[in-house]
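In: Pasting the sequence and the predicted coordinates here, then a few questions.
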Amino acid sequence: NAGVTQTPKFQVLKTGQSMTLQCAQDMNHNSMYWYRQDPGMGLRLIYYSASEGTTDKGEVPNGYNVSRLNKREFSLRLESAAPSQTSVYFCASSEWGDQDTQYFGPGTRLTVL
Amino acid sequence: LAKTTQPISMDSYEGQEVNITCSHNNIATNDYITWYQQFPSQGPRFIIQGYKTKVTNEVASLFIPADRKSSTLSLPRVSLSDTAVYYCLVGDLVPSGGYNKLIFGAGTRLAVHP
């Protein structure tokens, strides 16, 4: 099992460009999450999906959209990137009944110039 | 959600036991205590979870006193590879009101020296 995979690993964008970060999990988990982590800080939740077909805002959703494509895949889209969105983005998954045990992907390091 | 407080950083040497204490004075009856480990350039990794008393697995031990207002993560005989950030989180595993947002604070940066 690969666990949680994310693509791409690195990305550089110019201000105003758009892109989609991809995430997939093969653990048959119901719930998936997107976090961002700024240097020297903890993770902040952007969006989550409790189950296939549902998505909800987290702590810092502005400037992002998400799509729960199916049970395996959960994508994060930046419609018009801004330098403030320079960060490392992590995707995670868990069982809904065990939200405290999340499995994280390797992260995508995004730089917006 | 109960707020947690843990030291910003700790230093240790190879072969020593490391104890990281987390304070959570406002922990609720249904809350569990969970610890994650994060290596540089990687996502956090779940290491241990408990409700009360002592929990042990192949990686660490978690000590929780009777009042549950604090917890201590114990790493036996650390090695250089244990250098990481350790996060203490408190939350309800199955919240009745929907998703129980995990709050990752700044964590404790553990540096293990040769």
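Out: Thanks, I have it. These figures come from a predicted structure and were not determined experimentally.
In: Walk me through which strands the helix or strand encompassing residue A:109 pairs with, and which way each runs.
Out: Using DSSP states H and E, residue A:109 sits in strand A:108-112. Partners of strand A:108-112 in the sheet, by DSSP bridges, are strand A:10-13 (parallel), strand A:87-94 (antiparallel).
In: possible to save these as TSV with distance to residue A:58 and mean neighbour count?
Out: C-beta here means a position set from N, CA and C on the backbone, and glycine is covered the same way. Shown next, in TSV, are those (distance: least, C-beta to C-beta, whole Å; neighbours: other C-beta atoms under 10 Å in any protein chain shown):
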stretch	distance to residue A:58	mean neighbour count
strand A:10-13	21	14
strand A:87-94	11	24
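In: Residue A:46: which of the ones you listed is closest?
Out: strand A:87-94 (7.9 Å; C-beta to C-beta).
In: residue contacts, the closest residue to chain B within chain A?
Out: Per C-beta to the nearest C-beta, residue A:104 is where chain A lies closest to chain B, at 2.9 Å. Neighbouring residues of residue A:104 by C-beta atoms under 8 Å, 6 or more residues apart in numbering or on different chains: A:4, A:90-92, B:42-45.
In: Make TSV out of the residues you listed and add distance to residue B:20 and pLDDT.
Out: Shown next, in TSV, are the contacts of residue A:104 (distance: C-beta to C-beta, whole Å; pLDDT from 0 to 100):
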residue	distance to residue B:20	pLDDT
A:4	26	96
A:90	22	97
A:91	27	97
A:92	22	95
B:42	19	91
B:43	20	92
B:44	15	93
B:45	15	94
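In: ok, for residue B:88, nearest residue in space, not its chain neighbours?
Out: Take residue B:88 and drop its neighbours on the chain: the residue closest to it by C-beta to C-beta, 6 or more residues apart in numbering or on different chains is residue B:22, 3.4 Å away.
In: so what's the backbone phi/psi at that neighbour?
Out: phi -120, psi 130 (degrees, to the nearest 10).
In: Am I right that it is in contact with residue B:71?
Out: Yes. Using C-beta atoms under 8 Å, residue B:22 makes contact with residue B:71 at a distance of 5.2 Å.
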